[in-house]
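Asks: next comes the sequence, and after it the predicted model I'd like to discuss.
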Amino acid sequence: MRYNDAKAKIEKFAKEKGADLVGCADVSLFPGGADNPLNPRYYLPDAKSVWVMGLKLNDALWDKLTGTYDIHSTNLLSYLRHYNYDLLDFIAVQTARFIEDQGYDAYPIEARTETKVQMVYTGFFPFKEAARLAGLGDYGRAPC
């Protein structure tokens, strides 16, 4: 199967599973090598591409955020944990299985892979950077 055909099939599949955004980044754009958890080759040594999927958050959830810890930020956190991350994990696993069915290796990484470092929860894999490298956007929220 040609590369562009495979990319189109994978993107279509992920969107059918519920992803709003789907992009692909070249592994050579990531820092370090197979010994660096920020590099996809740490997880899959022969990785060539990283597939990134995203879900749109409801506008009203964003609109109510004040920057302080209140009921709206608590609601958003709960929404992320119990809806977005679960759905992203499902889409990632299903897409990885689809990629394997196409004859490639795939390693899904949970949307909420996290560790507690200095009282802050942080993920191991640089999802935001992967999304940027895949052309899905830039850092921060776009102005209205």
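Replies: Structure's in. What do you need?

Asks: can you give me the helices in this structure?
Replies: 3-16, 59-63, 71-79, 85-101, 127-133 (DSSP state H).

Asks: just put those in TSV and tack on distance to Asp35, mean neighbour count and mean pLDDT.
Replies: (C-beta placed from N, C-alpha, C; glycine too.) TSV is the format used below for the helices of the chain (distance: least, Cβ to Cβ, whole Å; neighbours: other Cβ atoms under 10 Å; pLDDT from 0 to 100):
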stretch	distance to Asp35	mean neighbour count	mean pLDDT
helix 3-16	28	14	92
helix 59-63	38	10	77
helix 71-79	33	13	75
helix 85-101	23	17	94
helix 127-133	18	18	92
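
Asks: closest one to Gly23 among these?
Replies: Gly23 sits nearest to helix 127-133 of all the helices of the chain, at 6.7 Å, using Cβ to Cβ.

Asks: pipe the helices of the chain into TSV and attach distance to Ala111 per row.
Replies: Formatted as TSV, the helices of the chain follow (distance: least, Cβ to Cβ, whole Å):
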stretch	distance to Ala111
helix 3-16	13
helix 59-63	17
helix 71-79	13
helix 85-101	4
helix 127-133	7
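
Asks: nearest to Asn36, of those?
Replies: Of all the helices of the chain, helix 127-133 sits nearest to Asn36, with 12.5 Å by Cβ to Cβ.

Asks: what is the closest one packed up against?
Replies: For helix 127-133, the packing partners by 3 or more Cβ pairs under 8 Å, 6 or more residues apart in numbering; DSSP states H and E come out as strand 21-26, strand 49-54.

Asks: contacting residues around that helix?
Replies: Helix 127-133 is contacted by residues 21, 23, 25-26, 29-30, 38, 40, 50, 52, 54, 111, 137-139 when judged by Cβ atoms under 8 Å, 6 or more residues apart in numbering.

Asks: the same query, at a cut-off of 6 Å, please.
Replies: Contacting residues not belonging to helix 127-133 are listed as Ala25, Leu29, Val50, Val52, Asp138 [Cβ atoms under 6 Å, 6 or more residues apart in numbering].

Asks: what sits against the second one?
Replies: Same thing as Leu29. Going by Cβ under 6 Å, 6+ apart, Leu29 touches Leu133.
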